[in-house]
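In: below are the sequence and a predicted model for it; my questions follow.
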Amino acid sequence: MHPPARSNRAYRTVAHLVRPVLRLMTRKDWRGAENLPTEGGFLAASNHMTNIDPLTFAYFLWENGFAPKILAKASLFKVPVMRNVLHATGQIPVHRNTVSAADSLNAAVDAIADGDCVAVFPEGTLTRDPDLWPMAAKTGVARLALTTRAPVVPVAQWGPQLLLRRYEKLLRPFPRKTITIVAGPAVDLSDLYDNPQDTATLREATERVMAAITALLADIREEQPPATRYDMRTPLEPGEKRIGGDRATKPELP
C-alpha cells in the first residue's frame, strides 16, 4: 500500500518498522473505515484500556490512509528516544493542569485546519472501570470539536488489553491476538456549534462522543455497558479503596 499522503519521512520510517511487528502479533478485525472522512481534517476518538492502544489505533488509521497526530501525555515527550520519535512524527503533547495546557488545544486545532486526522482518547488516561468500559471523559474532545466544527468519528477497540494488560509492561504477543476496531458514523454536534462553550455544552458534547464509543464497544463485546459511567471524581463508597486510581471492587479481566 502507498503511505498516507500527509505522512512525513520520519512517520513512514516508523510505520515501516512497527507495522510488521503488529502483523506478527495481531489479527485484524476492522470495520467501519467507510466512516472515516475522505477530505478535510477530523477527530478520531477512541476508548483507552491499555498503553498499547495508541499503536493499534494508529495502525488502524494508517492502514486506512491517515497519518494521525495523536494527543499524547507530555511525560512521554521526556522519555529518551521516544521523544525524538514523537516530535519527528508530529504527535501533540498534552500538558495537563499547567499553564501550557492551551498549547495542546491550539496545536490540535491547527492540525485539523491543515487537513490532518487528530486522534484523541477523550478519557485522558486508561479507563478505571474494572471491566474496561469507557469511563467519564474530559471535555478536551468537545472543545476541539466545537471550536473546529470538524467531524468526530467514534472508534471502539477491543483486544489490545490481551496484548498488553492494563498497567503491565510486558507484552503477551503469542498466540496472536485478534484486535477488533470499529469506526462509527461521525457524532452529530451541529446543534451545539453556536452555543457558548460553557460547562453544560461541553459535557453534553463529550457525553455524546462517549455514548457513541460505548455503543460500538457494546456491539463488539455483545454485552451491556454499566448504566452509570465510571467517574473518578465520584467519592468512594464505604469500604472501597483506590489502588493506582482504581476502585478495588472487582478483579482485573483475564
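Out: Cool, the structure landed.

In: from what I see, Val187 and Ala212 are in contact.
Out: Yes. Val187 lies in contact with Ala212 (C-beta atoms under 8 Å); the separation is 5.0 Å. Placement of C-beta: from N, CA and C, glycine included.

In: got any residues that touch both of the two?
Out: Residues touching both Val187 and Ala212 (C-beta atoms under 8 Å, 6 or more residues apart in numbering): Pro154.

In: in which helix or strand does His16 reside?
Out: Secondary structure assignment for His16, by DSSP states H and E: helix 9-25.

In: equivalent analysis for Trp133, please.
Out: Here Trp133 is assigned to no helix or strand, by DSSP H and E.

In: and Leu86, by the same measure?
Out: Assigned by DSSP H and E, Leu86 falls within helix 82-88.

In: what comes up buried for that helix?
Out: Residues of helix 82-88 classed as buried: Val85, Leu86 (neighbour count, 16 or more other C-beta atoms under 10 Å).

In: residues contacting it, please?
Out: Residues from elsewhere that reach helix 82-88, judged by C-beta under 8 Å, 6+ apart: Asn8, Ala10, Tyr11, Val14, Ala72, Leu76, Phe77, Pro93.

In: again, only using 10 Å
Out: Here helix 82-88 makes contact (C-beta atoms under 10 Å, 6 or more residues apart in numbering) with 8-11, 13-14, 18, 70, 72, 75-77, 79, 91-93.

In: next structured bit after that helix?
Out: strand 92-94.

In: partners of that next one in the sheet?
Out: Paired strands of strand 92-94, with direction, are strand 69-73 (parallel) (DSSP bridges).
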